[in-house]
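Asks: the following comprises the amino acid sequence and a computationally predicted model.
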Amino acid sequence: MPGEGGSDSGPTVPSASSGADASSVPHAPSPSSSQPSQSSASSRRGKERIDRLPPDLLEPVVEPRCGIDGWTYQGTELEECFPPQVEAELAQTVHMICTRLATAWNYRRAAQLLESQRAYSQAYAVLEIWSAEGPDPDPTLPKWRARLARAVLANTGA
């Protein structure tokens, strides 16, 4: 046994065969062992079925404030969360959503910007408003909302 442990960690084993063995070993047990793959598959399916956040995790959309330079998140809980280039476009877009003057493009762009900045709960809130009362929701909205719900749950540790 000690010789086997030494040969596994030693450089005498050719790297090509050890690389092939190492890559095939992690992949082989998952499909071949039926019970772990079924439980991991069922847990994956459970995660995939999450399409909405629980009501206690829903956040309201943070409304930007009007400043001398336009709409901004200064003085809100999202202050200093976004780079200036993103904040300028995002604040204007979210303002349009909050005042109910938004088009489908505004909802889509706000959710894209928020998701790109890892503000998943805010992006999810924008999609919730869009699906409930926004103009012509995107056909991919349920999948997008489910992806954001999983991201929110992953970031909250739930």
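Replies: On my side now, so go ahead.
Asks: show me what contacts Val94?
Replies: Val61, Val62, Glu63, Pro64, Trp71, Ala110, Val126 (C-beta atoms under 8 Å, 6 or more residues apart in numbering). Any C-beta I mention is one placed from the backbone N, CA and C, and that applies to glycine too.
Asks: neighbours around the fourth one, how many?
Replies: Spelled out, that is Pro64. 22 (other C-beta atoms under 10 Å).
Asks: then the first one?
Replies: When neighbours are counted by other C-beta under 10 Å, Val61 registers 18.
Asks: just say helix, strand or coil for it.
Replies: coil (DSSP: H, G, I helix; E, B strand; the rest coil).
Asks: for it, which non-adjacent residue is closest in space?
Replies: Distance criterion C-beta to C-beta, 6 or more residues apart in numbering; nearest residue to Val61, sequence neighbours excluded, is Ala125 at 4.7 Å.
Asks: quick one: that neighbour is in a strand?
Replies: No. Counting by three-state DSSP, Ala125 is not part of a strand but helix.
Asks: confidence score at it?
Replies: We note a pLDDT of 94 for Ala125 in this prediction.
Asks: which ones are touching it?
Replies: Taking C-beta under 8 Å, 6+ apart, one finds Leu58, Glu59, Pro60, Val61 in contact with Ala125.
Asks: confidence-wise, which of those residues comes last?
Replies: Ranking the contacts of Ala125 by pLDDT puts Leu58 at the bottom, with 83.
Asks: now that residue: how far from Val152?
Replies: According to C-beta to C-beta, to the nearest Å, Leu58 and Val152 sit 9 Å apart.
Asks: ditto for Thr76
Replies: 19 Å.
Asks: with neighbour numbers in mind, choose between the two.
Replies: Neighbours were counted for Thr76 and for Val152 using other C-beta under 10 Å; Val152 has more, 22 against 13.
Asks: circling back: report the buried members of the contacts of Ala125.
Replies: Val61 (16 or more other C-beta atoms under 10 Å).
Asks: what's the closest of the contacts of Ala125 to Thr93?
Replies: Minimum distance to Thr93 across these is 10.9 Å, recorded for Val61 (C-beta to C-beta).
Asks: verify the stated contact: the closest one with Tyr124.
Replies: No. Using C-beta atoms under 8 Å, Val61 is not in contact with Tyr124, being 9.8 Å away.
Asks: please identify the helix or strand for Asn106.
Replies: Assigned by DSSP states H and E, Asn106 belongs to helix 104-116.
Asks: which strands and helices sit next to that helix?
Replies: Judged by 3 or more C-beta pairs under 8 Å, 6 or more residues apart in numbering; DSSP states H and E, helix 104-116 is in contact with helix 84-98, helix 120-133, helix 141-156.
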